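Novice: Next comes the sequence, and after it the predicted model I'd like to discuss.
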Amino acid sequence: MSQQTLILLKPDAVQRRLVGELLTRFERKGLRLAGLKLVQAPRELAEKHYAVHKGKPFYESLLSFLTSGPTVAMVLEGREAVAVCRNLMGLTDGAKSIPGTIRGDYAISVQNNLVHGSDSPENATTEIGLWFTPAELVKFDIVD
Ligand code: CMP
């Protein structure tokens, strides 16, 4: 069955001109774009998106990072999209992420790790609702 996930190409990805290359990796795997836009995230959106990290030592820095420039927000769709995307992205810490993954190939930082992907289907639904209105998403009649 088809699943949706929220993927962010964070401000470091945009600043490093990696948007096309990273989007290609997700598309090449077979994921469908159901939503796509460039967003200058306001602080309130960053706070909601990273609410689970409130109180952690890196929280304020993380909010500054996510609001520091435009982010490419997308909804990707396909079989097991949440897990498939997390496998493509690699571990949170770029330094520990194995080559062949996005972070393993392009990131060495734990904060500036280029991409965000929802960690469960439930969180995907919540996060998609934060970044997109229903009218901004297309509906496919496809059985994966
Ligand atoms: P993301 O997958 O978007 O989820 C939470 C983000 O917090 C993570 O990617 C990193 O950008 C950041 N993060 C996680 N752990 C740390 C850490 N120890 N220090 C700084 N930033 C972190």
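Specialist: Cool, got the structure. Bear in mind the structure is a predicted one, so any value in this text is a computation, not a measurement.

Novice: Contact distance from the ligand - what residues of the protein qualify?
Specialist: Neighbours of the ligand within the chain, by Cβ under 6 Å from any ligand atom: 53, 58, 62, 92, 110-111, 113, 116. No exception for glycine: its C-beta is placed from N, CA and C like everyone else's.

Novice: now with 5 Å?
Specialist: Applying Cβ under 5 Å from any ligand atom, we find that the chain lies next to the ligand at 58, 62, 110-111, 113, 116.

Novice: Please produce a ChimeraX select command covering the buried subset of the residues you listed.
Specialist: This is how ChimeraX selects the buried members of the residues of the chain next to the ligand, with burial counted by 16 or more other Cβ atoms under 10 Å:
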select :62,111,113,116
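
Novice: and residue 25, how many residues sit next to it?
Specialist: When neighbours are counted by other Cβ atoms under 10 Å, residue 25 registers 18.
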